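# here's my sequence, what's the structure:
(chains A and B)
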Amino acid sequence: MIKFTISIVGSYPRAISLGKVFSRYRSGKIDKTVLDKEIAKRTSGFMSLAKDVGASYTTDGLLRWDDLMDVTFSYISGPTKGELMRFYDNNFYYRKPVIKGEIKAQPDEYIKTLQEDMEIAKKVGYTGKLKAVIVGPLTYALLSDNRHYDDEELVFAYAKEVNSVMKAISSELVIEIHEPSFFEKGIKTSLISKLEEAYSEMVKGVNNEKHLITYFRVNPSKLETFFKLPVEVHGLDVIENINLLAQVYARIAKRRVFFGVLNTRNTKLEKISTIRRIINKGYQKGASQVIVGNAAPMDFIPEMIAVRKLKLLKKLGDKS
Amino acid sequence: MNLPPLPTTVIGSYPRPKWLREAISSAKNGRMSQEDLQEAFNDAAITVMRDHQVAGIDVPTDGEVKRDEMVEFFAERLKGFRFYGPVRVWGTAYYRKPSVVSKIEYNKPMLVDEVQFTKSITYTPYFKVTITGPYTMAFWSYNEYYKDRREMAFDLAKAINAEIRNLVEAGASVIQVDEPAIHSSAEEVEWAVEAVNESVKGINAKLMLHICYGDYKIVAPYLNDFKVDQINFALKIYNYKPLKLFKEHGYDKEIGAGVIDVHNRNVESPEEVYKDIKRLMEYFPMEKIWINPDCGLKLLPRNIAFSKMMSMVKGVQMVREELKKSGTVGK
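Numbering: from 1, shown residues only, chains lettered A, B, ... in the order given. Below is the predicted model of the structure:
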């Protein structure tokens, strides 16, 4: 039997019924307490699912936030919400943070949310580790409408501010850093080469376990830099990059890795045999721990499919 | 086509009147018959056509009021698709993204009824019919069946071509293929263009292509390869920056220029539209410019959508007046 750990990454589909509650709140028909109560109820349902699946790590499903970049407004002040932009090559759109002046850490709202999440986790009896989602500095810089800094300055300014956000996060939580832009094409090499320094600044003095999550594309030429970034777990979308796995396996000896094995951009269910093969190979190639889960945010698939896919993980075998 | 200089058109969708939304809801709950709902749809198409006429749109549509969503509508009518549930596009906006679970085949006419009805209510022979293109259909569907997206897109192109042929036979003379996803992938754009061309192969009508939102750099080198007469773009939202890019790539078809931001509720003034058109004319000859909003107006409140159309037409009229005065066009 194979040994593996399950981690649920990023967002869980926000049900249309919850979307309607958001609409009612935004049009002034209900107050915030009603919305918060509904979000807590849905978050509770999601954490029960994480418990049922046997996930050792999970986020809160990010049901509160419209998109990944929306989370940053709860811990960074200064930017305003700009126009809708396509989230990579998905038919999913996010609001660009518009940066016209200095950005500053202001984590109070986010910390309060995370505290509520911890209470929900306790209530539903979820005993795994809860993760706080933070957007990585490269992704933040590239997905923002930055009118104040140059890209490199913004990467470092954000890393510096996020350092104090991370320090304010409870030591009980794991920090999940989303960096989907890392393997994107057309990013200046000079920017990528500075990333190790920016990450060092971002995680300096932060003792929480940190998982770095990338998704969609893997560019083998950037793998060496990727594995140098100072985090405990390096995460890759393997299901969309099956043909590049040999190059990934070559670099994982003695490392803890997260393999995104559930494709959240297709409704087709993965074969259990494929997932098993990926995990086994990971261990054969010397990984100290193979963590598996959804490869990317789950906003892109219907909730019914998200549940089916997550439940596939239950069928894999013994969890470590 | 006998149209004034700088012809005005819409991209397609228009806000459904509130009473139609209520009728749809009633029909879903069994409180209204399908027959009555059909009548409500037709009444709504007449209402939208009237809004377009009052605003002075030269090439109107029926507002696509009979379609819920641009991919869903066709996926429900073609063979090969199934639905698992809604997915979010942004914020609180959802659509039912279909999954392809078997070979895609043309089943039966999808828009012929719509064309026949529009023909009966239009104030101009130059009404426009829109249809979602093969690449966008493929890109915005899940693939559980085909080896790859290319194979899926070309089967879709065949089905769409069959439908367009039927639309022309039913009396449509202006057809717009909507391809908002065409510039989603630099690796796929070359064959995506071929798929679109396959979908319009042998069609005898004025053909337009709609592209919006995203990285135009991906598609810019291929724009002249599309076998259509015109491509219309979202430009206002980008403050017309892509014009330079199109010029650099020698784009030489008609351009439908988006001068109305459909993601913003502030109504552009006619003067703003006028200035923007003057800017467009620095890049393209007047004869090749059509004027339209950036995208469908569906997501705006109806009064705002109408005001935006009015401003657009008034801005165009200001330019036309100036052109007449200068003798550039006949009085």
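# rest of the way, CA atoms for contacts and neighbours
Will do.
# tally of neighbours for residue 136?
In the absence of a named chain, this looks at chain A. Taking other Cα atoms under 10 Å in any protein chain shown as the neighbour definition, residue A:136 ends up with a count of 24.
# that answer is for a different chain, and I need it for chain B
Counted with other Cα under 10 Å, the burial measure for residue B:136 works out to 24 neighbours.
# same thing with residue B:146?
With neighbours defined by other Cα under 10 Å, the count for residue B:146 comes to 16.
# assign it to helix, strand or coil.
Of the three states, residue B:146 takes coil according to DSSP: H, G, I helix; E, B strand; the rest coil.
# relative to residue A:140, how far out is the closest residue to it other than its chain neighbours?
Nearest in space to residue B:146, with sequence neighbours left out and distances taken as Cα to Cα, 6 or more residues apart in numbering or on different chains, is residue B:152 at 6.0 Å. The span separating residue B:152 from residue A:140 equals 34 Å under the rule Cα to Cα, to the nearest Å.
# more neighbours: which of those two?
Legend: neighbour count by other Cα under 10 Å for residue B:152 and residue A:140, higher for residue A:140 (26 against 23).
# residue ranges for the strands of the stretch 151-300 of chain B, please.
For the stretch 151-300 of chain B, strands defined by DSSP state E, counting those that start in this stretch occupy the ranges B:174-178, B:206-211, B:230-233, B:254-258, B:289-292.
# rewinding a little: my read is that the residue nearest to residue B:146 contacts residue B:138, right?
Yes. Distance between residue B:152 and residue B:138: 6.3 Å, which falls inside the contact criterion (Cα atoms under 8 Å).
# contacting residues for residue B:259?
Neighbour list for residue B:259: B:234, B:235, B:236, B:273, B:276, B:277, B:291, B:292, B:293, B:294, B:312 [criterion: Cα atoms under 8 Å, 6 or more residues apart in numbering or on different chains].
# for stretch B:84-97, which outside residues touch it?
For stretch B:84-97, the external contacting residues (Cα under 8 Å, 6+ apart) are A:13-14, A:16, A:19-20, A:22-23, A:66-67, A:91-94, A:299-305, B:69, B:71-72, B:83, B:98-99, B:140-142.
# need the residues of chain A near chain B, please.
The interface of chain A toward chain B, taken as Cα under 8 Å from any Cα of the partner chain, is made up of A:13-14, A:16, A:19-20, A:22-23, A:66-67, A:83, A:85-86, A:89-94, A:265-268, A:299-305.
# which of the residues you listed fall in strands?
The strands, defined by DSSP state E, take in A:83, A:85, A:86, A:93, A:94 from these.
# helices of the stretch 51-200 of chain A, start to end?
Using DSSP state H, counting those that start in this stretch, the helices of the stretch 51-200 of chain A run over A:68-72, A:108-124, A:137-143, A:151-168, A:189-193, A:195-203.
# give me the secondary structure label for residue B:322.
helix.
# that one and residue B:309, how far apart?
20 Å.
# distance of residue B:12 from residue B:70?
Using Cα to Cα, one obtains 10 Å as the distance from residue B:12 to residue B:70.
# neighbour-wise, which of those two wins?
Using other Cα under 10 Å as the criterion, residue B:12 and residue B:70 rank with residue B:12 on top: 24 against 19.
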